[in-house]
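Enquirer: Quick one, what's the 3D model for this:
(2 chains)
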Amino acid sequence: MTNFIDRRLNSKNKSTVNRQRFLRRYKNQIKKSVSDAINQRGVTDIESGENIFIPKKDLSEPIFHQGEGGVRDRVHPGNDQFTTGDRINKPPKQQGQGGGQGDVSDSGEGEDDFTFSISKEEYLNLLFEDLELPNLEKNQLDKLIEYKTVRSGFCAEGLPANIDIVKSLQGSIARRIAMTSSKRKQLKEYQQALENLKLDKHDHVQEEHELLKKIKELENKIAKVPFIDTFDLRFRNYAKQAVPTSKAVMFCLMDVSGSMDQATKEMAKRFYILLFLFLSRTYKNIDVVYIRHHTQAKEVDEHEFFYSQETGGTIASSALELMDEIINERYNDKQWNIYGAQASDGDNWADDSPHCKSLLVNNILPKTRYFSYIEITQRAHQTLWQNYHEVAQTHANFAIRDIKEVSDIYPVFRELFKKNTKNAA
Amino acid sequence: MERGDNMTIKNEKALEQTKSLDDCPDWTFDLLEQYQAEIDRVAKHYRLETYTNQIEVITAEQMMDAYASIGMPIGYSHWTFGKKFIQTEQTYKRGQMGLAYEIVINSNPCISYLMEENTMPMQALVMAHACYGHNSFFKGNYLFKSWTDASSIIDYLLFSKNYIAQCEEKYGISEVEATLDACHALMNHGVDRYKRPQKISLDEELKRQEERAEYLQSQVNALWRTLPEMKKKQNTKQYHFPSEPQENILYFIEKNAPLLKPWQREIVRIVRKISQYFYPQKQTQVMNEGWACFWHYTILNHLYDEGLVTDKFMLEFLHSHTNVVAQPEYNSKFYSGINPYALGFNMFIDIRRICEHPTEEDKRYFPEIAGSNWLDTIHFAMENFKDESFISQYLSPKLIRDFKLFHIHDDAKDNFVEIGAIHNEQGYQQVKHKLANQYNLSNLEVNIQIIDANIDGDRALTLRYIPYNDIELGKSKTEVLKHLHYLWQFDVKIVQEKANGEDEVIAQCPEATTKKGD
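Expert: Just a heads-up that it's a prediction; the model follows:
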């Protein structure tokens, strides 16, 4: 008595729970690995998961086992040269290499790292775990309108190109049936009567003649009903529907003057990555524009943005001007959701800061969905902060925060977007 | 004429079809059943007693799942299984490791997993190997008969999975996980080696579980009831607790740990029971695999002799079979110890040879079995031995010569290793003896026993390590002690007797804080 059972369609992921347990247990190591990884990946590289390294030592499950020393007797196969009493010198120091002398190696003290991959979702979950990601609710999207033509039923009038043949012919058939049914009924009656007359033994020449005439008339009438009529025509109807655009552009503005060191830039980079990942959960296509500035602003690629060093003073307005220019040139604010993120250590020519303010208020903020400014500094705030602070008071889509350490970035990020949901509510 | 010719051709075809089974590489369920029926017939012919077979076809991924949960079809959730799964998946994906063709579970009905990827000859091999070889071993071997209860294991695993899931809900995943970690660290020391365990069954388990929890707790309370006067300056104890050293550490913890919560005791018990269930498998690796290989080899050859399987089938089968029972030599880069499949298979083949075609030497070494009925003899061998005694009993000089076995004696004090014995007349006994010892679990697993629980004083728990051949206790001992401490919740230490007869503390938890008895 034997049963065959096909289990192939059963759930494959019996171990999923255990995998989650594993991730949970090693969350700290994994998170460290994840945040290390942030620095290594590009801002826009979000498609991939991540390889996680955990030192094997941390993973070992200890059991009592036999250690070193003592006497060991082993039996091996394939003797080709030994006779009883032969002595073989051990290699210096490392014992137990000679003839596969090693005992059970279960202590897990190997030095390899334990490496495995986590999926994109797991990566994002870990990355955003401390953040309660605020929903950029629909109201963030609704203002921005792009039209899409969609089919919406049929109508009686329209362009010849839009004629729906099937629908029109259905209308034609219906009309013909409707217009001829009473006549056909009568026709049938006459034909029946004619038939009856013919079967009758007596002659009814007169009556037959009349009936035939009537039949002829009716047939003519039926034939006169047109095969197709303008009344039958149906046209496909199209309507314009407003759709929120799925395109977004993210402007990264950064001060690269001499006062910004690499560590500060790394912090800014993390902020940009977070913002990018966040936006990528909402929008399908995201452009990223990198603008760096000292006394002049320049649009650059990602690598140059983060790794080139410039010296000199700082005029922040140059970057804002360039941003405004690029928006006007390439990113129509009717079609693009525009986000701005500016990072700086707060240094700016004192005279320039009011100019920044007016640029923001008049040119940039009306077009952008959201603009955030983070100041990465340990020192006191300067004029740029003060001016921006005033803007923040009056504009809901502008936010400023200061960041002192790397660990501030997640909370600040959360805070920034929390504020937004409150306003939306 | 023509008609007649056609007829004969048709008849021949019909004849062929009834004669040999389809040998196309792709399997179907129909074909599996045909092969299974034939194998079953032959197995019965050789008097293989089996549990009912339940053959489940699974995918590679499911096989990895099964791997990760050490072959248990239902396992409780724990991170270590997740780790194993990730490891298996990695090595498999990199192509460093092939998956086993089958996994078979000692249960009634006996569950075997066939992998979807296997070709038809492989499936036939696996069925003969697992469903008749392993299965009959589980049913016949004395260790399995007396130490495991095949009919209730699935129920018990189900019970434990649900119970642990409930605990996680009630007490939090972290607490349960910590308890399980601690139990896993001591899993090898949760086995009764000499006392036969009680049969376990789901119904009883459920019924008794709650009673037991209460009862146990009350016992513990009684044990630990502290009377203030007794605590005073009683450093010299009048009696020992436990009265005899205890080697089943988990059992001792379950019954006596002072502060464990009832659910934790139950978890300790679950881990202990599962460990006990796997204990016979550890002791019969060579025999079990050897027996299964012997039977897939014998059964499929029998089918071939009857003309039921084709040459093509046999070639593929023999290819796989040869790989499985290959034994690389000590200086080969593939060598990683003695292959239990090779040793076991060849021993059973050799026993049959001794019975059927004994040489003078065999008659000298095996007077009782030389020339006896081979089927009776190998059934007897399968039923009444474990690896260690099986090798002592049946390893023949011929096999020692075939394997060219030699014994290396390695004393850590010397800077050389010595060849103790080789495959010659003088060496047979010693090689056999040393090889048998190599499979003696009590030499492989460390000997640690609980010798004292200071129930009148500071509740400290003392364990003794008794070295085998002067081998030290491995470095992980402090880590394991931390786990033991988690369960016991008072000081724990391990002592070892020094050359001068005094006990020396070799590990303790919490770490030594130069505290003298007050």
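Enquirer: Leaving out chain neighbours, which residue sits closest to the residue in chain A that chain B sits nearest to?
Expert: Of all residues in chain A, A:Gly78 sits closest to chain B, at 2.5 Å by C-beta to the nearest C-beta. To be clear about C-beta, it is placed using only N, CA and C from the backbone, and glycine gets the same treatment. The spatial neighbour of A:Gly78 that comes closest, neighbours along the chain excluded (C-beta to C-beta, 6 or more residues apart in numbering or on different chains), is B:Glu329 at 2.5 Å.
Enquirer: coming back round to it: just checking, the residue of chain A closest to chain B touches B:Ile338?
Expert: No. A:Gly78 is not in contact with B:Ile338 according to C-beta atoms under 8 Å; the separation is 10.3 Å.
Enquirer: The two - which one has more neighbours?
Expert: Neighbour count, other C-beta atoms under 10 Å in any protein chain shown: between A:Gly78 and B:Ile338, B:Ile338 has more, with 22 against 15.
Enquirer: For B:Ile111, give me phi and psi.
Expert: phi -90, psi 130 (degrees, to the nearest 10).
Enquirer: Check what pLDDT residue 27 gets.
Expert: With no chain named, the answer covers chain A. pLDDT for A:Lys27: 78.
Enquirer: you looked at the wrong chain, it should be chain B
Expert: 87.
Enquirer: check which helix or strand covers A:Asn18.
Expert: Using DSSP states H and E, A:Asn18 falls within helix A:16-25.
Enquirer: try A:Ile54
Expert: In this structure, A:Ile54 is located in strand A:50-55 according to DSSP H and E.
Enquirer: could you give the mean pLDDT of that strand?
Expert: Strand A:50-55 shows a mean pLDDT of 70.
Enquirer: go on, stretch B:147-164?
Expert: Across stretch B:147-164, pLDDT averages out at 88.
Enquirer: still on that earlier bit, quick check, distance from the helix holding A:Asn18 to the centre of its chain.
Expert: How far helix A:16-25 lies from its chain's middle: 25 Å, per C-alpha atoms, centre = their mean, to the nearest Å.
Enquirer: what sits in contact with each of A:Gly78 and B:Ile338?
Expert: Common neighbours of A:Gly78 and B:Ile338, using C-beta atoms under 8 Å, 6 or more residues apart in numbering or on different chains, are B:Gln327.
Enquirer: For chain A, what's its nearest residue on the stretch 51-200 of chain B.
Expert: Across the stretch 51-200 of chain B, no residue is closer to chain A than B:Gly82, which sits at 3.2 Å (C-beta to the nearest C-beta).
Enquirer: OK, contacts around that residue?
Expert: Contacts of B:Gly82 by C-beta under 8 Å, 6+ apart are A:Ser15, A:Val17, A:Asn18, A:Arg19, A:Gln20, A:Arg21, A:Phe22, A:Leu23, B:Ala68.
Enquirer: Check it and give its pLDDT.
Expert: 84.
Enquirer: For it, pull up the helix or strand it's in.
Expert: Going by DSSP H and E, B:Gly82 is in helix B:79-93.
Enquirer: can you check B:Ile494 too?
Expert: Using DSSP H and E, B:Ile494 sits within strand B:492-497.
Enquirer: in the helix or strand just after that strand, what counts as buried?
Expert: Note on strand B:492-497: by DSSP H and E, the next helix or strand toward the C-terminus is strand B:503-509. For strand B:503-509, the neighbour count (16 or more other C-beta atoms under 10 Å in any protein chain shown) marks B:Ile506, B:Ala507, B:Gln508, B:Cys509 as buried.
Enquirer: do the same with stretch B:36-52
Expert: So for stretch B:36-52, counting by 16+ other C-beta under 10 Å, buried means B:Gln36, B:Glu38, B:Ile39, B:Asp40, B:Val42, B:Ala43, B:Leu48, B:Thr50, B:Tyr51.
Enquirer: Take those and keep only those in strands.
Expert: If you go by DSSP state E, those have nothing in strands.
Enquirer: and the two most separated of those?
Expert: Maximum pairwise distance among the buried residues of stretch B:36-52 (C-beta to C-beta): 19.5 Å, between B:Glu38 and B:Tyr51.
Enquirer: For the residue of chain B found nearest chain A, grab the count of nearby residues.
Expert: Going by C-beta to the nearest C-beta, chain A is nearest to B:Glu329 of chain B, at 2.5 Å. Residues lying near B:Glu329 (other C-beta under 10 Å) number 14.
Enquirer: What segments of chain A are strands?
Expert: Taking DSSP E as the criterion, chain A carries its strands at A:2-6, A:50-55, A:71-76, A:87-89, A:113-118, A:146-155, A:235-243, A:247-255, A:285-293, A:297-300, A:337-344, A:370-376, A:398-403.
Enquirer: Minimum distance to B:Trp27: which of those strands has it?
Expert: Of all the strands of chain A, strand A:2-6 sits nearest to B:Trp27, with 10.9 Å by C-beta to C-beta.
Enquirer: so what does that closest one touch, helix or strand wise?
Expert: When contacts are defined as 3 or more C-beta pairs under 8 Å, 6 or more residues apart in numbering or on different chains; DSSP states H and E, strand A:2-6 packs onto helix B:29-45, strand B:53-58.
Enquirer: Among the ones you listed, which comes closest to B:His134?
Expert: The nearest among the helices and strands packed on strand A:2-6, by C-beta to C-beta, is strand B:53-58 at 10.6 Å.
Enquirer: so what secondary structure elements neighbour the very next helix or strand once past that closest one?
Expert: Sequence order places helix B:60-68 as the next helix or strand after strand B:53-58, per DSSP H and E. Identification of packing neighbours for helix B:60-68 by 3+ C-beta pairs under 8 Å, 6+ apart yields helix B:79-93, strand B:102-105, strand B:110-115.
Enquirer: quick one: A:Glu210 and B:Gln327, what's the gap?
Expert: 113 Å (C-beta to C-beta, to the nearest Å).
Enquirer: Which one's more surrounded, the two?
Expert: More crowded of A:Glu210 and B:Gln327, by other C-beta under 10 Å: B:Gln327, with 20 against 13.
Enquirer: Mind listing what's buried along the helix or strand harbouring B:Ser442?
Expert: Here B:Ser442, judged by DSSP H and E, is contained in helix B:441-444. Buried residues in helix B:441-444, counted by 16+ other C-beta under 10 Å: B:Asn443, B:Leu444.
Enquirer: if you look at whatever helix or strand comes next after it, does any of it touch chain A?
Expert: Per DSSP H and E, the first helix or strand lying C-terminal to helix B:441-444 is strand B:448-453. Yes. Remark: strand B:448-453 sits within contact range of chain A at B:Ile448, by C-beta under 8 Å from any C-beta of the partner chain.
Enquirer: on contacts alone, who are the packing partners of strand B:448-453?
Expert: Counting contacts by 3+ C-beta pairs under 8 Å, 6+ apart, strand B:448-453 packs against helix B:249-256, strand B:461-465.
Enquirer: next structured bit after the first one?
Expert: This points to helix B:249-256. Downstream of helix B:249-256, the first helix or strand assigned by DSSP H and E is helix B:262-283.
Enquirer: repeat for the last one
Expert: Sequence-wise, the next helix or strand beyond strand B:461-465 is helix B:477-488, with elements assigned using DSSP H and E.
Enquirer: name the element B:Leu457 belongs to?
Expert: No Leu there; residue B:457 is Gly. Element membership for B:Gly457, per DSSP H and E: none, as it lies in no helix or strand.
Enquirer: Could you tell me how many residues sit around it?
Expert: 16.
Enquirer: cool, B:Met72 as well?
Expert: Residues near B:Met72, counting by other C-beta under 10 Å, number 21.
Enquirer: quick one: buried residues of stretch B:451-469?
Expert: Under 16+ other C-beta under 10 Å, the buried positions of stretch B:451-469 are B:451-457, B:459, B:461-465, B:467-468.
Enquirer: my bad, should have said stretch B:247-261
Expert: Across stretch B:247-261, burial judged by 16+ other C-beta under 10 Å covers B:Glu247, B:Asn248, B:Ile249, B:Leu250, B:Tyr251, B:Phe252, B:Ile253, B:Glu254, B:Lys255, B:Asn256, B:Ala257, B:Leu260.
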